[in-house]
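**Q** just to be clear, the model below is a prediction. Sequence and coordinates:
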2 protein chains.
Amino acid sequence: MITIYDIAEKAGVSAMTVSRVINNTGRISEATRKRVRKVMEDLHYIPNSMARSLVLQKTNILSLLITDITNPFYTTLARGAEDAAMRSGYRLLFANSDEDYAKEKGYVDMILSARVDGVLFAPTGDHSLENLEQLQKHQIPFVVLDREIPGIEADMVLGDSKEGARKLVDHLIGLGHRRIAMINGSQDVSTARLRYTGYREAHLLNGLSVEDSLVVHLNYRDFQDESALDALLHHEDPPTAIFAANNMLAVGVIQSLRQRGLQVPGDLSIVCFDDFGMAGAINPFLTVASQPAYQFGSLGMQLLIERIEGEVIHENRKMILPSELLIRTSTQALKRR
Amino acid sequence: MITIYDIAEKAGVSAMTVSRVINNTGRISEATRKRVRKVMEDLHYIPNSMARSLVLQKTNILSLLITDITNPFYTTLARGAEDAAMRSGYRLLFANSDEDYAKEKGYVDMILSARVDGVLFAPTGDHSLENLEQLQKHQIPFVVLDREIPGIEADMVLGDSKEGARKLVDHLIGLGHRRIAMINGSQDVSTARLRYTGYREAHLLNGLSVEDSLVVHLNYRDFQDESALDALLHHEDPPTAIFAANNMLAVGVIQSLRQRGLQVPGDLSIVCFDDFGMAGAINPFLTVASQPAYQFGSLGMQLLIERIEGEVIHENRKMILPSELLIRTSTQALKRR
DNA sequence: TAATTTTGAGTTATCGATAACACTCATTTT
DNA sequence: AAAATGAGTGTTATCGATAACTCAAAATTA
């Protein structure tokens, strides 16, 4: 491995002079500069960023922790974060917790160990509190994305889960649906709680009551346990529409329904949160509350970088990004029976 | 920031003893070990991995460079790579080149600067040669994914682009199509060349000739230039089916067709390479040659880790993963006119 | 011309960890 | 009882870079 000492020797100068050439600091004569540059090129020199970070106490690396790399919402968010980080001259260290608290903890340790300058943190759920406190203890600046964590004061970029859910359910009610099931994520996640609240409010505002036997709490990531769906379908007064709390759940629900020979929207209307990115564009099918994923990333990154570089310590900022109701073909007016 | 020296002082031992406790090396009395452990916990000590890597000359970090983080093929591949890296105790540094050579170069510099132990490299195209040579110069082990680069000898995990393309086009010909257009990626990418060869062979094997005016070379990533599609549609003897060389191109084509009021498969049948992951499961629509994306990642990672840890230097290994023809509803038998 | 300033470097200490070696005691061997 | 062994720990040098300080020679000023 080539070091500044190798360069220094070949160029007949001291290591410090090489360092000065690399960083364009101090005074160097044009002749020396040229000579050093030449040697660096000849030897294909690349600075060792660990050594540099060690002394500078700054890595110029920011970390983005997402919960599901296969979910288009998060990959689009990642693009937004990456672009914003790049613009400000930071490198981005991606991490994927897979909605798994233990993995998340592992990545937090890695992040601390790597001494990154800041973290964009999409938590797996309320229990992420400990991991965020861990960051606080070590004074790593962070911005919380997508899910609010009770007990944590920090900059946040969130969606309007309640309002979005209200709009979706309102749309279903407007189509005549009265028996609307909800397949929700874990109650441990703020967005799941708020989406339930929105679901509830939409009912109440329309003079309908909420029947809790139509509400199921699962996990955002994968829809494996089909018994819940079975219970809904065999309900004495079964639902005519389903509100899936996110896109992945909706996929699972639709697949299961299809296996059971049920049609969407023929037999059941389906709505969900979050769109499907590029892939969803092939055949825009699901009626969704689409969130501005790219902005989650770019705005969050902006807040983070301001925190890191800004001299003034602002109040905590909480940005709420609206979602957009996109009505497509997975919903239709209730047929009378 | 807490260091081993802080721990050492508080515990009344030398820094070396702390290091020994951390790494479970050397002989330490149970009493000292316990005392040091206690102090480490009290002070929330986290080792500085940069300092450690600097002296060990090993980072325990591997890098995965993909070309499109919003493409489900690559995110699934990433999951495979991540899982495999995790299993072997490595951390994974994701990087996303966005099909952009300059960004790729930037990430290669970062990778070199970070002194990662190895790289899983999905190149943007043939010009990635320079970037791979850069890695070779610095003796960073790497495995090439998905796209073969002329002039590079290395372990590779590739798909069977030619065979997959042949199957797709064969399927279309079997349905009676004779005028089959191809919307291809850049000729700078090996998979694009091979998919064209497969397209060609399918024609020849069926006793058909290939008409180059039906073949368009664009870019894998986004389908912006619609003039090419227009030209095809206004061809004197227009195509009845389109083979899009990858999923992203297919999305673009279908969106454009829809804007023009054309139906798939009513007016045109469409096939493409690569499936759509979770998101595509909502409404399996496109007939595709599906590649085992997860395996690309996990197998590639396995080869890489063998390279890094293996004592024997094997011959270069070239793994070809088969694709599977999934016939869905974007293709139908040619109606006579 | 002597004094001062500027230019263009070099020296040394440091960041946080670990390897290699050294050095006590206590215990075992001869 | 002297010598050898081994357990437990400390010292010093090192990884590759930069900050802070130093210093000689050249250029400028008085």
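**A** Sure thing, it's come through. Numbering: from 1, shown residues only, chains lettered A, B, ... in the order given.
**Q** quick check, the helix or strand of chain A with the lowest mean pLDDT touching chain B?
**A** The helix or strand of chain A with the lowest confidence, counting by mean pLDDT, DSSP states H and E, is helix A:277-280 at a mean of 83. Yes: with C-beta under 8 Å from any C-beta of the partner chain as the measure, helix A:277-280 is seen reaching chain B through A:277-280. No exception for glycine: its C-beta is placed from N, CA and C like everyone else's.
**Q** then stretch A:284-302?
**A** Yes: using C-beta under 8 Å from any C-beta, stretch A:284-302 reaches chain B at A:285-286.
**Q** tell me the average confidence for that stretch?
**A** Averaging pLDDT along stretch A:284-302 yields 96.
**Q** how about the residues of chain A near DNA strand C?
**A** Selection of chain A residues close to DNA strand C by C-beta under 7 Å from any atom of the strand yields A:12-17, A:26-29, A:31-33, A:51, A:54-55, A:57.
**Q** ranges for the strands of chain A?
**A** Taking DSSP state E to define them, one finds strands in chain A at A:61-66, A:91-96, A:118-121, A:142-146, A:155-159, A:180-184, A:215-217, A:241-244, A:269-273, A:287-290, A:318-321, A:324-326.
**Q** what parts of chain A come near DNA strand D?
**A** Residues of chain A lying near DNA strand D (C-beta under 7 Å from any atom of the strand): A:1, A:3-5, A:15-16, A:19, A:22-23, A:25, A:47-48, A:51-52, A:54-56.
**Q** and the closest residue to A:Thr59 other than its chain neighbours, what is it in contact with?
**A** Distances taken as C-beta to C-beta, 6 or more residues apart in numbering or on different chains place A:Ser53 nearest to A:Thr59, at 4.4 Å, with adjacent residues excluded. With contacts defined as C-beta atoms under 8 Å, 6 or more residues apart in numbering or on different chains, the neighbours of A:Ser53 are A:59-60, A:115, B:50.
**Q** near chain B, which of the residues of chain A next to DNA strand D show up?
**A** Within the set of the residues of chain A next to DNA strand D, contact with chain B (C-beta under 8 Å from any C-beta) is found for A:1, A:47-48, A:51, A:54.
**Q** which of those residues are buried? Put it as a ChimeraX command.
**A** To isolate the buried members of these in ChimeraX, using 16 or more other C-beta atoms under 10 Å in any protein chain shown:
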select /A:47,48,51,54
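**Q** specify which member of the ones next to chain B among the residues of chain A next to DNA strand D is nearest to DNA strand C.
**A** Nearest to DNA strand C among those: A:Leu54, at 3.8 Å, using C-beta to the nearest atom of the strand.
**Q** what pLDDT is listed against the closest residue to that closest one other than its chain neighbours?
**A** With sequence-adjacent residues excluded and distances taken as C-beta to C-beta, 6+ apart, A:Leu54 is closest to B:Met50, at 5.3 Å. With respect to pLDDT, B:Met50 has a value of 97.
**Q** for A:Ser63, see how far away B:Met50 is.
**A** Look at B:Met50 and A:Ser63: by C-beta to C-beta, to the nearest Å, they are 14 Å apart.
**Q** again with A:Leu214
**A** 40 Å.
**Q** looking at those two, which is more packed in?
**A** Using other C-beta atoms under 10 Å in any protein chain shown as the criterion, A:Leu214 and A:Ser63 rank with A:Ser63 on top: 27 against 21.
**Q** can you count the residues close to A:Met248?
**A** Around A:Met248 there are 27 residues (other C-beta under 10 Å).
**Q** go on, A:Glu211?
**A** A count of nearby residues for A:Glu211, using other C-beta under 10 Å, gives 14.
**Q** show the contacting residues for it.
**A** By C-beta under 8 Å, 6+ apart, A:Glu211 lies in contact with A:Arg179.
**Q** any idea how far it is from A:Pro238?
**A** 11 Å.
**Q** what's the overlap in contacts for the two?
**A** What both A:Glu211 and A:Pro238 touch, as defined by C-beta under 8 Å, 6+ apart, is the set A:Arg179.
**Q** A:Leu257 against A:Ser269, yeah?
**A** No: judged on C-beta atoms under 8 Å, A:Leu257 makes no contact with A:Ser269 at a distance of 11.1 Å.
**Q** how about A:Tyr45: what's its closest non-neighbour residue?
**A** Once flanking residues are discounted, A:Tyr45 sits nearest to A:Ile2: 4.8 Å by C-beta to C-beta, 6+ apart.
**Q** so what secondary structure elements neighbour the least confident helix or strand of chain A?
**A** For helix A:277-280, the elements it packs on are helix A:72-87, helix B:247-259, helix B:277-280, judged by 3 or more C-beta pairs under 8 Å, 6 or more residues apart in numbering or on different chains; DSSP states H and E.
**Q** the same query, at a cut-off of 10 Å, please.
**A** With contacts taken as 3 or more C-beta pairs under 10 Å, 6 or more residues apart in numbering or on different chains; DSSP states H and E, helix A:277-280 sits against helix A:72-87, helix B:72-87, helix B:247-259, helix B:277-280.
**Q** and of the contacts of A:Ser53, the nearest to DNA strand C?
**A** Using C-beta to the nearest atom of the strand, the shortest approach to DNA strand C within those belongs to B:Met50, at 7.4 Å.
**Q** now do the contacts for the closest one.
**A** A:48-54, A:59, A:113-115, B:59, B:114-115 (C-beta atoms under 10 Å, 6 or more residues apart in numbering or on different chains).
**Q** try 6 Å
**A** Neighbour list for B:Met50: A:50, A:53-54 [criterion: C-beta atoms under 6 Å, 6 or more residues apart in numbering or on different chains].
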